[in-house]
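**Q** requesting a structural model of the entry that follows:
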Amino acid sequence: MRVHHFLGFDIGASSGRTLLGTLQNEKIIIKELHRFPNGMIDILGKLRWNIVDLFENIKQGMKVCASEITTKPASIAVDTWGVDYGLFAADGNMLGLPYGYRDARTDGMMDEFFKIIPRDRVYELTGIQFMQLNTLFQLFSMQRAKSPLLDVVSDLLFMPDMISYFLTGIKKTEFTIATTSQLYNPRKKDWDDELFQALGISKNIMQEIVPPGTVLGNLLESIANETGLERIPVVATASHDTGAAVAAVPAEGKDWAYISSGTWSLVGVEINKPIINKKSLEFNFTNEGGVKGTFRFLKNCMGLWPVQQCRKAWSSEKELSYAEMTKLAASARPFVAVIDPDHQGFLNPPDMPEAIREYCRETGQTIPENPADMTRSILEGLALKYRYIFDQLKQVHPHPINRIHIIGGGTQNKLLSQFTADATGIPVVAGPVEATAIGNIMVQAMGLGIVKSHADIRQIIKNSFELEKHEPQNANNWDAAYDRFVNIIR
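**A** Numbers count the residues shown, from 1 in each chain. I've put the predicted structure just below:
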């Protein structure tokens, strides 16, 4: 089989990476070429993204690629986080640096918007979970503040669409990123008129929505000359990072669910039509776009953030690696305390171990005093929360789930994968770690016709990466712990 190279850019809120994907003999290999920092910057009390610096680093990654391989890549694509956007004037020029989703301008905006369109109606129109950082409420905050930018804006582009525009001069919006905005109506398959009327902003600032895998156009000549990559195609991959990750789940059939595991966890299923009803609203499930017209019906919950913060807190006394913490947890006492990882006290406390101790005092439980017991309690709590979400999922999506695929960085914690199997009573398949990058690359290959279908993508990924399988154990102990967990939540 011919060798095909693809260049992917996976940009997160704290760092970005340039990745080279090589497809040969029905296998894909991913290599990191360049890594660069990212983060919101405070300018006059407002949090912004330095899109100029990001673009310079993307061009640097392209130069590294041109110097390392003799065969030019077949294409380029970018994935990022969702909701954030940039505004452009009619002459194509950018109207300032994009705001970051943590900026305080959206404080209180949800409740104010619900005075215009009720909460239930917004969910009926979009099927998207409510977070004040959603694009809908960001735009509403601009309207309420009478931003002069709204008087001159011609186009809105989300973060990955902005970068593709800088590379090609072509303005489009890719489906998976569009759906994160809470401006897209999945039933009408278009931007929602009622929401834009309520905003008092013209829907004309939005772009045509294209499916993941769409070839946008070739690299601008000036960029090609600067980087040495020639005028290769730029593809709108599954440009929302979770959309790319779920595209890379090495699953077959329809009886499976996924957990995208990292600092946060995204727990859900892949469906062909959105699920929008009173129960999905009550449980705060979201319907985000996927590959080949699918939807990611999922719920966000806490991930390994409490473990990360405990490690940081303990570092002043003893530097523990994540592997050492997990080893300690594996030999610790089970179910010393049952912890809800989504308790508000764990969002960003100054001292995570103390926040956990306080939670145990409030809930009348034994306090895990050492790193072994505390780490184990966190991991058990995550697994129990996954079961809780799957129990909710069964009420709105009554289809069998016979396998759980865990993807992302959290797959490196084998103890958590085993606990997830134990808590849910469902076998777990863990891997690949680099799901987002792999999904980015493979959707490019599908868009160019080099890979024929999404099923082929998943088969290639199964061929390429070693997957860890975990069978459920100790059902009685976990059932008893789950009863305690549910009682504490209620």
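**Q** so who does the residue nearest to Leu328 when sequence neighbours are not counted touch?
**A** In this structure, Leu328 finds its nearest non-sequential neighbour in Ala372, 3.9 Å apart by CB to CB, 6 or more residues apart in numbering. Glycine gets a C-beta too; all of them are placed from N, C-alpha and C. If a contact means CB atoms under 8 Å, 6 or more residues apart in numbering, then Ala372 has 328-329, 331-332 as its contacts.
**Q** state the distance from the nearest residue to Ile116 once chain neighbours are set aside to Glu32.
**A** For Ile116, ignoring the flanking residues on the chain, the nearest one in space by CB to CB, 6+ apart is Ala198 at 4.7 Å. Using CB to CB, to the nearest Å, Ala198 is found at 44 Å from Glu32.
**Q** pLDDT score for the residue nearest to the spatial centre of the chain?
**A** The centre of the chain sits closest to Thr242, judged by CA atoms, centre = their mean, with a distance of 3.3 Å. pLDDT for Thr242: 95.
**Q** so it makes contact with Glu288?
**A** Yes: assessed by CB atoms under 8 Å, Thr242 is found in contact with Glu288 at 7.1 Å.
**Q** give the residues shared as contacts by those two.
**A** 82, 296, 298.
**Q** now do the same contact list for Val486.
**A** Contacts of Val486 (CB under 8 Å, 6+ apart): Tyr388.
**Q** quick check, pLDDT for it.
**A** If you check Val486, the pLDDT there is 97.
**Q** how much space separates it from Asn476?
**A** 16 Å.
**Q** top helix in this protein by residue count?
**A** Identified as the longest helix of the chain according to DSSP state H is helix 371-396.
**Q** report the rounded mean pLDDT for that one.
**A** Helix 371-396 shows a mean pLDDT of 98.
**Q** so for it, what gets flagged as buried?
**A** Of the residues in helix 371-396, 371-390, 392-393, 396 count as buried by neighbour count, 16 or more other CB atoms under 10 Å.
**Q** same thing with stretch 98-111?
**A** For stretch 98-111, burial by neighbour count (16+ other CB under 10 Å) applies to 98-101, 103, 105-106, 109-110.
**Q** and which of those is nearest Thr263?
**A** Nearest to Thr263 among the buried residues of stretch 98-111: Tyr101, at 14.8 Å, using CB to CB.
**Q** hmm, that closest one is touching Phe137, no?
**A** No: assessed by CB under 8 Å, Tyr101 is found out of contact with Phe137, at 10.0 Å.
**Q** what's the helix or strand harbouring the residue nearest to Ile116 packed up against?
**A** Assigned by DSSP states H and E, Ala198 belongs to helix 193-199. Helix 193-199 sits against helix 119-126, helix 135-144, with contacts defined as 3 or more CB pairs under 8 Å, 6 or more residues apart in numbering; DSSP states H and E.
**Q** let's see it at 6 Å
**A** For helix 193-199, the elements it packs on are helix 135-144, judged by 3 or more CB pairs under 6 Å, 6 or more residues apart in numbering; DSSP states H and E.
**Q** who's in contact with the helix it packs on?
**A** 83, 105-106, 109-110, 113, 150, 181-183, 199-200 (CB atoms under 6 Å, 6 or more residues apart in numbering).
**Q** quick check: mean pLDDT across that helix?
**A** 98.
**Q** give me the domain ranges for this structure.
**A** According to automatic domain parsing, the chain is divided into the following domains: 4-239, 240-431+467-490.
**Q** in a markdown table: those, plus distance to Leu448.
**A** Output for these, formatted as a markdown table (distance: least, CB to CB, whole Å):
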| stretch | distance to Leu448 |
| --- | --- |
| domain 4-239 | 6 |
| domain 240-431+467-490 | 14 |
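**Q** quick one, which of those domains gets closest to Ala455.
**A** Here domain 240-431+467-490 is closest among the domains of the chain (CB to CB), at 7.3 Å.
**Q** helix, strand or coil for the residue lying closest to Arg102 once chain neighbours are set aside?
**A** Of all residues not flanking Arg102 in the chain, Leu47 sits nearest, at 5.6 Å (CB to CB, 6+ apart). The three-state label given to Leu47 by DSSP: H, G, I helix; E, B strand; the rest coil is strand.
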